[in-house]
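J.: The following block contains a protein sequence and its predicted model.
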Amino acid sequence: MQAISVFEITNQENFEAPTLSNKSRSETRELNETQETFRTEMFVNETITNYTKLSFAIDEEFKLRGKVFNQDITGVVVKNTYDGYFNNTNGTLILFANRLSSDSISDFVSSEFNLNYTKKIFDLETIMDESSDVRKTQFKNVRIQTLNGSSLNGSRVNQTELYELMYQNGDLSQIAVTYPINNVEISFSISTSGAIVIFSTMENTDILTLVEELFLY
């Protein structure tokens with residue numbers, strides 16, 4: 001399972017590709033009543049077609065209640081590593097990381113290279129139309145009696161009467177689909193917040209192909 005987030009340049013007309021280089025930044029935050037240093041590092045790797053591969057090493061707080069050296073703690077600093085891909089043509093940033101880490105990395109790249117990013121929001125209905133099967137739909141703000149949210153699970157759930165009822169009385173927020181790409185069926189979920197979770201085993205280059213196809217909508 002792989003979490004993906006996609007960020008696009010806000011103003012494409014004024015985009016000029018920056019010269020990417022290794023970057024690092026540190027900040028101090030209080031943790032366990034102690035000033036801890038949190039470091040973010042970016043490393044520039046090889047070019048793959050239109051993309052430059054990036055690697056990130058980030059100090060992140062992991063919530064944890066425990067005791068160290070007879071002192072109570074509420075969290076620890078964990079160094080996590082993530083991959084990313086920068087599109088040298090249009091500046092799109094594809095991050096192989098969870099939502100919170102992706103937001104942090106996007107802010108870091110934005111500030112270091114003077115770029116203005118916004119998270120890409122995909123057209124869920126178009127993706128469903130192009131999918132070979134819709135396995136799950138989730139709704140929020142459902143206005144049916146006492147319901148305020150609901151999900152449908154199964155096969156081709158978007159072709160059911162229940163889906164139409166939910167669609168007419170709520171806001172579609174997430175889908176899980178089987179999708180054809182490069183003559184292979186892959187499974188993933190995608191939400192209106194722009195978060196993608198891929199369930200199939202895929203090479204990074206194939207994931208880039210998938211994102212590019214979805215990005216065109």
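T.: Cool, the structure landed.
J.: phi, psi of residue 160?
T.: Here is the backbone geometry of residue 160 (degrees, to the nearest 10): phi -100, psi 160.
J.: I'd like the distance from the longest helix along the chain to the chain centre, please.
T.: When the chain is parsed with DSSP state H, its longest helix is helix 99-113. Relative to its parent chain, helix 99-113 has a centroid offset of 12 Å by CA atoms, centre = their mean, to the nearest Å.
J.: mind listing what the residue sitting furthest away from the middle of the chain touches?
T.: Most distant from the centre of the chain: residue 70, at 38.6 Å, with distances by CA atoms, centre = their mean. Listed by CB atoms under 8 Å, 6 or more residues apart in numbering, residue 70 has no contact partners. Heads up, the C-betas are built off the backbone N, CA and C, glycines and all.
J.: Same question for residue 8.
T.: Residues in contact with residue 8 (CB under 8 Å, 6+ apart) are 90-93, 117-118, 120, 215.
J.: Repeat that for residue 38.
T.: By CB under 8 Å, 6+ apart, the residues touching residue 38 are 26-29, 59-61, 77.
J.: Using JSON lines, lay out those residues together with neighbour count.
T.: Shown next, in JSON lines, are the contacts of residue 38 (neighbours: other CB atoms under 10 Å):
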{"residue": "26", "neighbour count": "10"}
{"residue": "27", "neighbour count": "10"}
{"residue": "28", "neighbour count": "9"}
{"residue": "29", "neighbour count": "12"}
{"residue": "59", "neighbour count": "17"}
{"residue": "60", "neighbour count": "16"}
{"residue": "61", "neighbour count": "14"}
{"residue": "77", "neighbour count": "15"}
